[in-house]
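Engineer: Next input, structure requested:
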Amino acid sequence: MKNKGRYCVIGVMSGTSLDGLDLALIEFVLDNKKWEYQLISTTTKSYTEQWKKRLTEARLMKPEQLALLDLNYTYFLAEQIQLFINENSDHTIDLISSHGHTVFHQPEQGLTFQIGNQKQLADLLQHRVVCDFRVQDVALGGQGAPLVPGGEFHLFSEYAACVNLGGFANISLLGDSSPIAFDIAAANLIFNFYAHKLNLAYDAGGAIASKGKIVKPLLDELDALSFYNEAPPKSLGVEWLAQNVTPLLSSYEQESIPDLMHTYASHLATQILKVLPDSGKILFTGGGTHNTFLMQLIQDKCSAQICIPSDTIIDFKEAMVFGFLGLLRSLGQHNCFASVTGSSRDHSSGVIFEIF
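Structural biologist: Sure, this is the predicted structure:
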């Protein structure tokens with residue numbers, strides 16, 4: 001791709017909380033050595049119950065079943081992206097950058113796997129595609145996550161830190177020439193799990209959690225999980241959740257759901273506050289930012305300036321940043337920091353599928 005200074009990119013993101021497939025059309029402009037962005041169009045394609053079931057069960061599938069799911073998910077991605085392209089037909093797309101959907105993430109075993117990163121994606125869409133961002137970093141000894149800091153460093157440099165509240169909560173500390181970032185704790189995955197027990201998709205505004213009270217023994221056990229005392233680089237996957245958090249929560253299932261949600265919100269707020277800078281502006285994005293109860297717990301005890309942007313930035317920042325990571329990869333520029341993932345060097349990560 002030529003260095004032309006202005007690029008129109010589609011970023012595609014599917015998170016662990018299965019809220020849906022986020023698509024963002026963004027124009028990136030390089031002006032006086034600084035990157036600027038404009039979000040042109042965004043949409044979320046909700047997963048059907050059948051797709052939610054498939055994606056939830058993917059990590060338990062046999063290899064041949066997973067290979068078929070990988071192919072089918074690639075076709076699903078192509079269909080949804082093409083619909084989005086058709087809806088924005090007045091724009092010329094330079095490239096499509098897709099995260100895929102994470103099935104396995106065990107970097108300590110040299111393993112990370114996202115489905116939907118097949119060459120068929122480029123063939124079907126007839127556009128250059130950048131995808132499969134995590135594998136190279138793990139091969140270089142890194143965590144393969146979080147990757148978003150590679151984009152935040154360029155696009156959100158006015159903030160001391162960026163916090164994303166998705167299926168997991170993660171933070172990027174941007175005050176240095178080499179950012180530091182890591183996963184903090186599980187977030188929406190826990191809240192949504194309990195909301196589903198009440199036949200709700202999620203706890204809107206944290207209303208249910210706000211009605212509960214703290215279960216002190218549970219809170220103490222959650223806060224004592226060893227992951228929180230580990231030094232970065234570090235990242236989390238659903239495997240860690242299944243091994244460490246789910247059994248713990250299950251041992252308190254006699255407690256009411258509002259009390260369990262309230263306790264977990266208090267736990268999450270505590271873990272976030274432990275890693276926030278003491279000053280400067282902190283940008284919060286991701287679906288959990290809409291949880292006003294959780295955000296109030298954080299704001300009540302935070303000395304830094306909490307910044308909550310527009311709903312569009314809250315919901316689509318991650319898709320936008322992955323669009324930018326794909327652009328950097330396409331330009332041959334570093335998009336992954338060793339200071340973040342612990343890899344052996346900074347590098348340009350992602351697989352490029354060309355159209356010939």
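
Engineer: what element comes up after the host helix or strand of P247 heading to the C-terminus?
Structural biologist: Using DSSP states H and E, P247 sits in helix 246-250. Per DSSP H and E, the first helix or strand lying C-terminal to helix 246-250 is helix 257-275.

Engineer: quick one on the thing from earlier: in the helix holding P247, what's buried?
Structural biologist: T246, L249 (16 or more other CB atoms under 10 Å). Using the backbone N, CA and C atoms, a C-beta is placed for each residue, glycine as well.

Engineer: Stretch 270-284 too?
Structural biologist: T270, Q271, I272, V275, L276, P277, G280, I282, L283, F284.

Engineer: Any chance of the residues you listed in CSV with distance to Q254 and pLDDT as columns?
Structural biologist: As requested, these are exported to CSV (distance: CB to CB, whole Å; pLDDT from 0 to 100):
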residue, distance to Q254, pLDDT
T270, 23, 98
Q271, 25, 98
I272, 28, 98
V275, 32, 98
L276, 34, 98
P277, 39, 96
G280, 43, 96
I282, 37, 98
L283, 39, 98
F284, 33, 98
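
Engineer: what's the helix holding P247 in contact with?
Structural biologist: With CB atoms under 8 Å, 6 or more residues apart in numbering as the test, helix 246-250 has contacts from I190, L218, E221, L222, L260, Y264.

Engineer: tell me the strands in the stretch 201-350 of the chain, going along the chain?
Structural biologist: Per DSSP state E, counting those that start in this stretch, the stretch 201-350 of the chain carries strands over the ranges 281-285, 305-307.

Engineer: For the contacts of helix 246-250, give me JSON lines that also has neighbour count and distance to Q118.
Structural biologist: As requested, the contacts of helix 246-250 are exported to JSON lines (neighbours: other CB atoms under 10 Å; distance: CB to CB, whole Å):
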{"residue": "I190", "neighbour count": "24", "distance to Q118": "32"}
{"residue": "L218", "neighbour count": "20", "distance to Q118": "42"}
{"residue": "E221", "neighbour count": "16", "distance to Q118": "42"}
{"residue": "L222", "neighbour count": "25", "distance to Q118": "39"}
{"residue": "L260", "neighbour count": "24", "distance to Q118": "39"}
{"residue": "Y264", "neighbour count": "27", "distance to Q118": "36"}
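
Engineer: Go ahead and name everything in contact with the lengthiest helix in the chain.
Structural biologist: When the chain is parsed with DSSP state H, its longest helix is helix 63-87. Here helix 63-87 makes contact (CB under 8 Å, 6+ apart) with 10, 12, 21, 23, 25, 41, 43, 45, 51, 54-55, 58, 61, 93, 96, 98, 100-101, 103, 115-118, 120-121, 124-125, 127.

Engineer: I'd like the average pLDDT over that helix.
Structural biologist: Averaging pLDDT along helix 63-87 gives 98.

Engineer: Mind pulling up the pLDDT for G175?
Structural biologist: 78.

Engineer: the helices in this structure, which residues?
Structural biologist: Under DSSP H, the chain gives helices at 49-57, 63-87, 120-125, 134-139, 149-155, 188-197, 207-210, 216-223, 238-240, 246-250, 257-275, 292-301, 311-330, 338-341.

Engineer: K4: which of those is closest?
Structural biologist: helix 311-330 (11.3 Å; CB to CB).

Engineer: Any stretches of this structure with poor pLDDT?
Structural biologist: 1-3 (pLDDT under 70).

Engineer: follow-up on the earlier one: narrow the contacts of helix 63-87 to those that are buried.
Structural biologist: Applying 16+ other CB under 10 Å to those flags 10, 12, 21, 23, 25, 43, 45, 51, 54-55, 58, 93, 96, 98, 100-101, 103, 115-118, 121, 124-125, 127 as buried.

Engineer: okay, now D31: neighbour count?
Structural biologist: As a burial measure, D31 scores 9 neighbours (other CB atoms under 10 Å).

Engineer: what's the spacing between the closest residue to it other than its chain neighbours and I298?
Structural biologist: Take D31 and drop its neighbours on the chain: the residue closest to it by CB to CB, 6 or more residues apart in numbering is G5, 7.6 Å away. Distance, G5 to I298, using CB to CB, to the nearest Å: 39 Å.

Engineer: Please identify which of the two sits among more neighbours.
Structural biologist: Neighbours were counted for G5 and for I298 using other CB under 10 Å; I298 has more, 21 against 9.

Engineer: Pull the contacting residues for the more buried one.
Structural biologist: A269, I272, L273, L276, I306.

Engineer: In a markdown table: the helices of the chain, plus distance to I355.
Structural biologist: Putting these into a markdown table (distance: least, CB to CB, whole Å) gives the following:
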| stretch | distance to I355 |
| --- | --- |
| helix 49-57 | 27 |
| helix 63-87 | 13 |
| helix 120-125 | 6 |
| helix 134-139 | 22 |
| helix 149-155 | 24 |
| helix 188-197 | 36 |
| helix 207-210 | 48 |
| helix 216-223 | 49 |
| helix 238-240 | 34 |
| helix 246-250 | 43 |
| helix 257-275 | 43 |
| helix 292-301 | 43 |
| helix 311-330 | 13 |
| helix 338-341 | 30 |
